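>>> Here is my input, please return the structure:
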Amino acid sequence: SLSTLTDKEREIIRLFFGIGMNHGLTLEEIGSKFNLTRERVRQIKEKAIRRLRHTSRNKLLKSYLG
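Numbering: from 1, shown residues only. As a prediction, this is how the structure comes out:
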């Protein structure tokens with residue numbers, strides 16, 4: 001869930017995928033908001049997605065193992 005992310009990661013994911021908006025923003029547009037390079041925004045986004053995948057995998061394992 002998004003609650004496992006930092007505030008910055010959560011906001012970058014929200015802006016990139018356009019959650020609660022008409023459309024998502026580019027890495028460059030997000031970088032402008034946070035005063036980051038688009039490469040740094042990409043790195044943060046990828047890390048956040050990895051963390052979300054890991055969290056959901058843990059939940060599946062816990063439900064399977066009891």
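>>> which residues does the most centrally placed residue in the chain contact?
Using Cα atoms, centre = their mean, the residue of the chain that lies closest to the mean C-alpha position is I13, 3.6 Å off. Residues counted as contacts of I13 (Cβ atoms under 8 Å, 6 or more residues apart in numbering) are L2, L5, I19, K45, A48, I49, L52. For the C-beta atoms, the positions are set from N, CA and C on the backbone; glycine is no exception.
>>> redo that, cut-off 7 Å
Contacts here follow Cβ atoms under 7 Å, 6 or more residues apart in numbering; on that basis I13 touches L2, L5, K45, A48.
>>> for L25, helix, strand, or coil?
coil (DSSP: H, G, I helix; E, B strand; the rest coil).
>>> Mind pulling up the pLDDT for K59?
pLDDT, K59: 71.
>>> and it, how many residues sit next to it?
10 (other Cβ atoms under 10 Å).
>>> State the distance from the closest residue to F16 other than its chain neighbours to L15.
Leaving aside its chain neighbours, F16 sits nearest to G24 (5.2 Å; criterion: Cβ to Cβ, 6 or more residues apart in numbering). Distance, G24 to L15, using Cβ to Cβ, to the nearest Å: 7 Å.
>>> ok, which stretches of this protein are strands?
In chain order, the chain shows no strands, with DSSP state E as the criterion.
>>> Please name every helix or strand in contact with the worst-scoring helix or strand of the chain on mean pLDDT.
Least confident element among the helices and strands of the chain, by mean pLDDT, DSSP states H and E: helix 38-65 (a mean of 85). When contacts are defined as 3 or more Cβ pairs under 7 Å, 6 or more residues apart in numbering; DSSP states H and E, helix 38-65 packs onto helix 7-17, helix 27-34.
>>> Could you export the ones you listed to CSV, including columns for distance to K59 and mean pLDDT?
Output for the helices and strands packed on helix 38-65, formatted as CSV (distance: least, Cβ to Cβ, whole Å; pLDDT from 0 to 100):
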stretch, distance to K59, mean pLDDT
helix 7-17, 18, 96
helix 27-34, 28, 98
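>>> Dump those into a markdown table; add distance to S56 as well.
As requested, the helices and strands packed on helix 38-65 are arranged in a markdown table below (distance: least, Cβ to Cβ, whole Å):
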| stretch | distance to S56 |
| --- | --- |
| helix 7-17 | 14 |
| helix 27-34 | 24 |
